[in-house]
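Enquirer: Sequence first, predicted model second:
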Amino acid sequence: MGQFSRIHHVAIIVSNYNRSKKFYCEVLGFEVVREVYREERRSYKLDLQVDERTTLEIFSFNDPPARHSYPEACGLRHLAFAVSDIDASIKHLMEKGIEVEAVRVDEFTGQRFTFFKDPDGLPIELYEDR
C-alpha cells in the first residue's frame, strides 16, 4: 500500500490539562507512556498508549482557540476507537457520567457505532469491531 503503512499517533490540544489527563487515563483507560512539561512553552505533552503501535498525544496550551465543529468545519472530524463490545463500553462511560449518543448502524458495514465528547467537546466515536 505504498509508503504510508499505518497511523503512528493522533495529537489533541486541550484547554485544561489535568481535566483531560483524568478523562483520557481514568475514564478511557489509556496508559501514560511519557509526560513532559515544556518550560519554554508553559505546556505539557502527554503520550498515551492506545494499542501496541498507536499513541495519543495530549498537548496543553494557554488559551487555545475553540474548535469549530458545528456546522461541520474542514479538518479532523472526529477520533474513532474500535471496541469489541459497544454495549459494555457505553455502560462504562455512562457509569463515569459521560453522555453517549444513541447507537447507530453503519449503513455500509452493518457495524454499530456511537459518539460521545471529551472535556473540550471533541467528538469521539466508538465503533464496534467484531
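Expert: Cool, got the structure.
Enquirer: Please enumerate the strands of this protein.
Expert: In the chain, the segments counted as strands under DSSP state E are 9-14, 31-38, 43-49, 55-60, 79-83, 104-105, 112-117, 123-128.
Enquirer: The ones you listed: which one's closest to G97?
Expert: Across these, G97 has its closest neighbour in strand 112-117 (10.9 Å, Cβ to Cβ). To be clear about C-beta, it is placed using only N, CA and C from the backbone, and glycine gets the same treatment.
Enquirer: just the CA coordinates of that closest one, formatted as CSV?
Expert: Once side chains and other backbone atoms are set aside, the C-alpha atoms of strand 112-117 remain, and they are given as CSV (Å, rounded to 0.1, in the frame of the first residue of the first chain):
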residue,chain,number,x,y,z
ARG,A,112,-22.8,-0.4,15.3
PHE,A,113,-21.3,2.9,16.4
THR,A,114,-22.0,5.8,18.7
PHE,A,115,-20.4,9.2,19.8
PHE,A,116,-19.5,11.0,23.0
LYS,A,117,-17.4,14.0,23.7
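Enquirer: Now do it and strand 79-83, the angle between them.
Expert: Comparing the axes of strand 112-117 and strand 79-83 via axes from the mean of the first three to the mean of the last three Cα atoms, to 10 degrees yields an angle of 130 degrees.
Enquirer: Please name every helix or strand in contact with strand 112-117.
Expert: Judged by 3 or more Cβ pairs under 8 Å, 6 or more residues apart in numbering; DSSP states H and E, strand 112-117 is in contact with helix 86-95, strand 104-105, strand 123-128.
Enquirer: Give the pairing partners of it; include direction for each.
Expert: strand 104-105 (antiparallel), strand 123-128 (antiparallel) (DSSP bridges).
Enquirer: For A11, which of the ones you listed is the nearest?
Expert: Across those, the minimum distance to A11, taken as Cβ to Cβ, is reached by strand 123-128, at 14.6 Å.
Enquirer: now that closest one: mean pLDDT?
Expert: The average pLDDT for strand 123-128 rounds to 95.
Enquirer: what do you get for stretch 34-43?
Expert: In this model, stretch 34-43 has a mean pLDDT of 93.
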